[in-house]
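*Asks:* Show me the folded form of this:
(one chain, ligands or ions: 1)
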Amino acid sequence: MSLLAQLKARIAADGPISVADYMSECLLHPDYGYYATRDPFGQLGDFTTAPEISQMFGEMLGLCLAQTWLDQGAPETVTLAELGPGRGTLMRDILRAARAVPAFKPHVCLIEASAHLRTVQAETLADHDITWVDHIDDLPPAPLFLVANEFFDALPIRQFQRDGASWREIRIGVQDDVLSRGLGQAQGQPVLDHRLEDTQDGDIVELCTPAITITQALSHKIAQYGGAAVLIDYGDWRSLGDTWQAMKRHAPVPVLDAPGTADLTAHVDFECLAEAARIAGAQHSRITPQGVFLERLGITDRAQALAQNLADTDLDGHIAAHRRLTHPAEMGNLFKVMGIAPINTSMPPGLEI
Ligand code: SAH
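*Replies:* Down below sits the predicted model:
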């Protein structure tokens, strides 16, 4: 039975489902889920992420995390973790760049839901000793240096439309045998009380509960044991409106078309992540555009050094990659970076409180 048929059967039996339920099934269903069945990255896939554009992205993050470790007094036993590592490219580049600080010898842990991508990560990182865990709580009791790139945007969101002082949840049902969006009953939603300030009747807001839970867990670990997190994603402070989208072969497609075959994402609301960090007893940086962050870490010097050994189309590709990562009209502004660190320590380089 296809995923579409399974979803229709579920809706026929139990009624319309939330956007979050639909997203979870489409992305992570063990047999038909998007991440469970394919390697979606790169030119031949559906989208390209920063580490797949250039090795410089991971190199800057490797130096940033190793410097943060030095700034915190170079603790002996530490964990280096990544959420949603994709092909493992970012971690490979981080570990190569971090060799500039030879005493930094972290225990590397990856948190990955897709069994298929775990095998891809094992191949990319074959030269390293790696552990996979399911949850932040399974990480060792030690200082935690964590990175996540385009992880939070893949977590399931719920969507609500304002109706007076209440909210109606957007639900996915079946009409004339096709999936369609509808509205649930108007209800109070205490978690959305603060959104009554900046919305009007009919506005849509999104809520990503797993992002809050995960950020609280990692922040709690960092507050307790030390370390830092660098979270990179597309989005902004307090998102408003419907940001849910599907991508297939580098072009947008309707979110309800062919479930399980397109990448589904939503903008990350960094205010929610910041609040989760604060509640867990850690501090967070202000959000910094990716281009500014990478420039502060010295990506242009690195780009010039690498350019010395390149010519012709390789050089053109390298220059285009640098521009793509940093230019405000490309990824430089859309993507934001937020740091999380223990209270009374400095933020990772490139980020400010
Ligand atoms: N960071 C990578 C990949 C981003 S795609 C890069 O920049 O290229 C999102 C990644 O998160 C994939 O590896 C996907 O399988 C993983 N993922 C999605 N939802 C997850 C969840 N709930 N728990 C763990 N990993 C998840």
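
*Asks:* does residue 325 really touch residue 333, like I thought?
*Replies:* No - with contacts counted by CB atoms under 8 Å, residue 325 stays clear of residue 333, the gap being 11.4 Å. Glycine gets a C-beta too; all of them are placed from N, C-alpha and C.

*Asks:* Comparing the two, which shows the higher neighbour count?
*Replies:* residue 325 (24 against 16; other CB atoms under 10 Å).

*Asks:* Would you agree the more buried one falls within a strand?
*Replies:* No - the assignment for residue 325 is helix, going by DSSP: H, G, I helix; E, B strand; the rest coil, so no strand is present there.

*Asks:* need the contact list for it.
*Replies:* Counting by CB atoms under 8 Å, 6 or more residues apart in numbering, residue 325 makes contact with 50, 53, 54, 56, 57, 290, 291, 294, 299, 331, 332.

*Asks:* Please produce TSV containing these, extended by secondary structure.
*Replies:* As requested, those are arranged in TSV below (three-state DSSP):
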residue	secondary structure
50	helix
53	helix
54	coil
56	helix
57	helix
290	helix
291	helix
294	helix
299	helix
331	helix
332	helix
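
*Asks:* which of those tops the neighbour count?
*Replies:* Ranking the contacts of residue 325 using other CB under 10 Å puts residue 294 first, with 29 neighbours.

*Asks:* Would you mind confirming that it is in contact with residue 60?
*Replies:* Yes - under the criterion of CB under 8 Å, residue 294 makes contact with residue 60 at 5.5 Å.

*Asks:* Find the residues that touch each one of these two.
*Replies:* With CB under 8 Å, 6+ apart, residue 294 and residue 60 have common neighbours residue 350.

*Asks:* Look up phi and psi at the residue of the stretch 201-350 of the chain at minimum distance from the ligand.
*Replies:* Residue of the stretch 201-350 of the chain nearest the ligand, by CB to the nearest ligand atom: residue 210 (6.5 Å). Phi and psi for residue 210, reported as degrees, to the nearest 10, are phi -60, psi -30.

*Asks:* Quick one: neighbours of it, just the number.
*Replies:* 14.

*Asks:* isn't it right next to residue 156, touching?
*Replies:* Yes - shown here, residue 210 and residue 156 form a contact pair, counting by CB under 8 Å, at 6.4 Å.

*Asks:* Report all helices and strands that the host helix or strand of residue 283 contacts.
*Replies:* Per DSSP states H and E: residue 283 is located in strand 282-284. Strand 282-284 sits against helix 209-225, helix 270-279, strand 335-342, with contacts defined as 3 or more CB pairs under 8 Å, 6 or more residues apart in numbering; DSSP states H and E.

*Asks:* Sheet-wise, list the partners of it with their directions.
*Replies:* The sheet places strand 282-284 alongside strand 335-342 (antiparallel), with pairing taken from DSSP bridges.

*Asks:* right, is the strand it pairs with up against the ligand?
*Replies:* No - Strand 335-342 is not in contact with the ligand by CB under 6 Å from any ligand atom; minimum separation 10.6 Å.

*Asks:* which residue ranges form the helices in this structure?
*Replies:* Taking DSSP state H, the helices of the chain run over residues 3-14, 19-28, 34-37, 50-53, 55-71, 89-98, 115-124, 209-225, 270-279, 290-296, 299-307, 312-326, 331-334.

*Asks:* need the least confident one among these, by mean pLDDT.
*Replies:* When the helices of the chain are compared on average pLDDT, helix 34-37 comes out lowest at a mean of 89.

*Asks:* Which residues are in contact with the residue of the stretch 201-350 of the chain closest to the ligand?
*Replies:* 155, 156.

*Asks:* Is stretch 55-69 positioned near the ligand?
*Replies:* No - remark: stretch 55-69 sits outside contact range of the ligand, by CB under 6 Å from any ligand atom, the gap being at least 8.5 Å.

*Asks:* Could you do stretch 79-91 as well?
*Replies:* Yes - shown here: stretch 79-91 in contact with the ligand (CB under 6 Å from any ligand atom) through 84, 85, 86, 90.

*Asks:* cool, stretch 232-243 as well?
*Replies:* No - on the criterion CB under 6 Å from any ligand atom, stretch 232-243 is out of touch with the ligand, staying 8.2 Å away.

*Asks:* Just the residues contacting that stretch, thanks.
*Replies:* So stretch 232-243 is contacted by 50, 147-153, 159, 198-199, 203-206, 265-271, 287, 290, 334-337 (CB under 8 Å, 6+ apart).

*Asks:* What's the end-to-end length of it?
*Replies:* 17 Å (CA to CA, to the nearest Å).

*Asks:* and if you look at stretch 37-55?
*Replies:* Stretch 37-55 end-to-end distance (CA to CA) = 26 Å.

*Asks:* Now that stretch: buried residues?
*Replies:* For stretch 37-55, burial by neighbour count (16 or more other CB atoms under 10 Å) applies to 37-41, 45-47, 49-55.

*Asks:* which one of those is nearest the ligand?
*Replies:* residue 49 (3.3 Å).

*Asks:* out of everything not next to it in sequence, what's closest to that closest one?
*Replies:* The shortest distance from residue 49 to any non-neighbouring residue, by CB to CB, 6 or more residues apart in numbering, is to residue 150 (5.1 Å).

*Asks:* Just list the residues touching that neighbour, thanks.
*Replies:* 49, 50, 84, 86, 232, 233, 234, 265.

*Asks:* Beta-bridge partners for the nearest residue to residue 341 once chain neighbours are set aside, please?
*Replies:* Nearest residue to residue 341 in three dimensions, chain neighbours excluded: residue 228, at 4.5 Å (CB to CB, 6+ apart). Beta-bridge partners recorded for residue 228 (DSSP bridges): residue 145.
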